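**Q** sequence unknown, structure follows:
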């Protein structure tokens with residue numbers, strides 16, 4: 001994701017530190033929805049955002065319409081978004097929201113331009129950088145950095161990379177990979193040149209191992225339990 005999306009994400013967590021109601025009620029699906037709103041804002045370059053139910057649930061990794069509705073209500077109550085139009089059903093059209101002006105003024109007016117000023121001098125400068133060793137210009141967008149999406153608080157992938165992951169392994173498995181990598185990076189402080197490279201290098205194997213370990217355990221009342229060495233010996 002580009003610098004604007006990053007700054008908006010930082011603003012979300014800055015508000016979380018100051019807002020007690022948000023600290024009590026905020027869950028992962030709230031941050032996922034907000035992250036998608038920031039990405040959508042950068043893509044369509046308009047302030048008022050359409051949120052068709054099924055598509056928004058898919059992009060924000062939200063499992064039910066009631067959870068999506070509650071997330072929208074909570075973000076509005078916390079002053080992060082404004083509900084411009086509330087869609088009730090497929091005939092009334094999708095809900096329309098915008099990132100709240102008061103939230104923008106509070107946290108990021110000086111650093112985040114309006115979408116009609118999307119191509120600022122800073123952003124244009126990001127398109128080329130100089131290598132410290134050679135002094136030659138290198139195109140960042142060749143690496144796809146500007147087009148990357150913040151799928152988790154600290155996990156950046158190209159949309160095509162994520163789509164490939166879902167195509168190969170399924171939506172649930174891809175989500176587990178993002179969670180695994182995000183948790184590891186938060187715990188270790190480690191950063192990767194390519195999060196997608198890290199996923200292919202070790203995260204997929206780790207998630208498969210986790211799933212295999214769970215499936216291999218015996219079940220008690222539908223729950224996986226640790227193997228009992230005594231039982232194993234008696235069964236031999």
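**A** Thanks, I have the structure now. Given the structure is predicted, the values throughout are model-derived calculations rather than measurements.
**Q** For stretch 191-204, buried residues please.
**A** For stretch 191-204, burial by neighbour count (16 or more other Cβ atoms under 10 Å) applies to 194, 195, 196, 198, 199, 200, 203, 204. Backbone N, C-alpha and C define where each C-beta goes, glycine included.
**Q** Which of those fall in helices?
**A** If you go by DSSP state H, the buried residues of stretch 191-204 have 195, 196, 198, 204 in helices.
**Q** Would you check which pair of these lies furthest apart?
**A** 195 and 204 (12.5 Å; Cβ to Cβ).
**Q** which outside residues touch the strand or helix carrying residue 105?
**A** Using DSSP states H and E, residue 105 maps to helix 101-107. With Cβ atoms under 8 Å, 6 or more residues apart in numbering as the test, helix 101-107 has contacts from 10, 11, 14, 15, 79, 80, 81, 82, 112.
**Q** Of those, which is the nearest to residue 190?
**A** residue 10 (19.9 Å).
**Q** Next, work out how far apart that closest one and residue 33 are.
**A** Residue 10 sits 17 Å away from residue 33 when distances are taken as Cβ to Cβ, to the nearest Å.
**Q** Counting neighbours, go ahead and name the busier of the two.
**A** Ranked by neighbour count (other Cβ atoms under 10 Å), residue 10 and residue 33 place residue 33 first, with 26 against 14.
**Q** Quick check: the more buried one touching residue 60?
**A** Yes - shown here, residue 33 and residue 60 form a contact pair, counting by Cβ atoms under 8 Å, at 4.4 Å.
**Q** what is in contact with these two at once?
**A** 68, 71.
**Q** Spatially, which two of the buried residues of stretch 191-204 are the most separated?
**A** Taking Cβ to Cβ, no two of the buried residues of stretch 191-204 sit farther apart than 194 and 204, at 14.1 Å.
**Q** What are the boundaries of the helices in the protein?
**A** 3-18, 20-25, 28-44, 53-60, 65-77, 101-107, 121-126, 159-169, 171-188, 195-198, 204-216, 229-235.
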